[in-house]
Structure formats: structure tokens, C-alpha cells
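>>> 3D model of this:
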Amino acid sequence: MPTVAPLDIDGHVLAVEFLRDTPFFVSAAGAVHRLEGGEKVSEAGQGLLTVIRDPYSDSLVAGGEDGKVQRISASGEVTELAHAPRKWITQLAAGPQEAIAYAYGKSTFVRLADGTTKEFTEERTVEGIAFAPKGLRVAVARYNGVSLHWVGMTAQPTILEWKGAHTGVVFSPDGQFVVTTMQENALHGWKMDVKSGAEARHMRMTGYPAKVKSLSWSAKGKWLASSGAPAAIVWPFQGKDGPMGKAPLELGTRANIMATCVRFHPLEDILAIGFIDGMILAVRISDNKEALLRRPGKGAITSMSWSKSGKLMAFASEAGDCGVVDISA
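Here you go, the predicted structure:
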């Protein structure tokens, strides 16, 4: 049976991520708690709105109500990367070559390693941003679709159109697909192998009873897990056409209790599913075998993260009841 080491933090916890083998818990109030030979706390300003892990370095990037974009290192040190006074920073992405993207209003800004910044403007408000896995290219989600910008070029962006409000965006690990979350209870996807002048092929992923707030790709990119239902909805991407014409898996089904967070294991096709009542299940894709990682708690699971080895899984909740699960026990 997995063992759980609990950690109580005051208020809403936005994110938990492992840096090296240390779990970092970041609260909306700006406190950064790291479990490194005991609990250590540093401050990242007041009123954080979003926190992401930089996949290219051992650091986190945070944005807040004070208009600051900050990097949090593995030692807990906080460094300011950008500042947009009187703006709320709600969208962040981290890319190759130390590039960081942030957005407010109708503009996306890409800050390069040398400190220079490039601005890309849209006709509508930016709702989500993501870097492509190869090349310095950024996807911007907005009303009626996605714009794809090459950071180092002045060329016109590639436009992926689909009517409706797109609230977030991700690339598949191989760069072959772009998928958005939508204001309606759906995902939408495009296949990226289009020839010049041709329209990208669409994938409609619908049928959710609630909005999708959490997405996670499996280690090899064969599966895309999503929240927004009383189970994790997991779409197949192993074929060249992705989920076109295929039904998703439904893992960890629980009557009327909604899944709020999903996170794939870093090495195996095992999915951690966090629910609105604080319970966490792990489900193996190959045989649907379930393991209870945590019993229900005080609040909905807002974030989960695996250590690099996959032996530890940290979780955070909106009520601040957090912890680390040791699944090697």
C-alpha cells in the first residue's frame, strides 16, 4: 500500500512540481514550500495566478496579479524575468533556449535568453500559449482558433481555425498535433502535417459533462488524458491520424464524482487521476488495474507531479491539504 506524507498549507495551492527530487508546492498567496530535508519556505510575491514547470531546466515560472513573471530555482531563489505593471499574468509557457512566453490582453510576449522580447498580437484576447517541442515556435489560443508564430521570423502566422472560444493549447510531444481546450465542454485538435496552402485536418473531441481543465500526455505521446468527467477521458494518439474516428478510454470511473486533475507517470503508461473530493487513483492503461493512492480529503485536487524516477507522486488541493505519496513502499 502506498504511504502518504501529508503537508497542510494555508489556502489554495496552485501547483506542485518536482525539481530534481524535491517537491515544490506553490500557493496562490505567493508562498513556495519545498520539502528538502524538512519544509522550507520562500516568497514569490503576492497574488500568484499561474505556475508552470520549465521542462528545459530545473526551475518553475510564475505569473501574478502584480504583472511580474518570475523564475523559481531548485534552491528556492526567485528571479524576476519580466514586469508588466497593472497587468495580470495568467498565461505562461517555457520553451527551448531559455525562452519564456507570457501574455496579457491581445498580446503574447516571448522573452529570449539574452533578455530581448518579441511581441505577437492577436485580434482577440490570448487565452493560452504553448511552445512547440522542436524549433522556437509558439501556439496562441484565442477566440475562433490558434495562431502559430515562428519566434525568429517575421512571416505571417499559420492560422488554425475553429469557431468558438479556445481556452488553452498544447502540442503533442512529437509536434504532430495541436490540441485546445474549449469554453464549451470539448477539446479540439489539428493534425500538423499540412502542405503549404492546405487546411489542417480537424479532430473534435466532445461529450464531456464539464469543462476540461487538466491535460496530460503519456511518456511516449501515445495517449492524451483529460479531466472534465467522472473519469479520466484518455484519447489514443498512437496512429498517424490520432483519435480521428476512435473512441477514448474512460479510466477510474466514479459515479458522479468529477476528475479535476490528470498526470501521467514519467516512465510507464500509468495515469494518476485526482478528483473533486480529494481522492487520487492510479490506473494502468494496459489492463485498467486501479490502485488507491489517496483517500478523499478536504478539497479538489488542483495539481499532481511525479518525481523523475516515478516512485514519488506529490499532490496539491484547493483547500491546502497536500502531500507526497511513496508508491515504492
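
>>> For residue 298, grab the count of nearby residues.
The local packing of residue 298 (other Cβ atoms under 10 Å) involves 12 other residues. (C-beta placed from N, C-alpha, C; glycine too.)

>>> and it, which of the three is it?
coil (DSSP: H, G, I helix; E, B strand; the rest coil).

>>> Quick one: list the elements packing against the helix or strand where residue 324 lies.
Using DSSP states H and E, residue 324 maps to strand 321-326. Helices and strands touching strand 321-326, by 3 or more Cβ pairs under 8 Å, 6 or more residues apart in numbering; DSSP states H and E, are strand 3-8, strand 290-294, strand 312-317.

>>> Show me where this structure has its helices.
Counting by DSSP state H, the chain has no helices to list.

>>> remind me which residues of it are low pLDDT?
1, 194-198, 329 (pLDDT under 70).

>>> What residues of stretch 126-142 count as buried?
126-133, 136-142 (16 or more other Cβ atoms under 10 Å).

>>> Equivalent analysis for stretch 11-23, please.
Quick answer for stretch 11-23 (16+ other Cβ under 10 Å): 12-19, 22-23.

>>> With stretch 139-152 instead?
139-143, 145-151.

>>> For the residues you listed, give me a markdown table that also has distance to residue 305.
Below are the buried residues of stretch 139-152 laid out as a markdown table (distance: Cβ to Cβ, whole Å):
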| residue | distance to residue 305 |
| --- | --- |
| 139 | 23 |
| 140 | 26 |
| 141 | 23 |
| 142 | 28 |
| 143 | 31 |
| 145 | 30 |
| 146 | 26 |
| 147 | 30 |
| 148 | 28 |
| 149 | 29 |
| 150 | 31 |
| 151 | 28 |
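
>>> what angle do the strand holding residue 324 and strand 312-317 make?
170 degrees (axes from the mean of the first three to the mean of the last three Cα atoms, to 10 degrees).

>>> Pull the residues that contact strand 321-326.
Residues from elsewhere that reach strand 321-326 (Cβ atoms under 8 Å, 6 or more residues apart in numbering): 2-9, 13, 16, 23, 25, 35, 278, 280, 293-294, 297-299, 311-316.

>>> quick one: which of the buried residues of stretch 126-142 is nearest residue 228?
residue 128 (15.6 Å; Cβ to Cβ).
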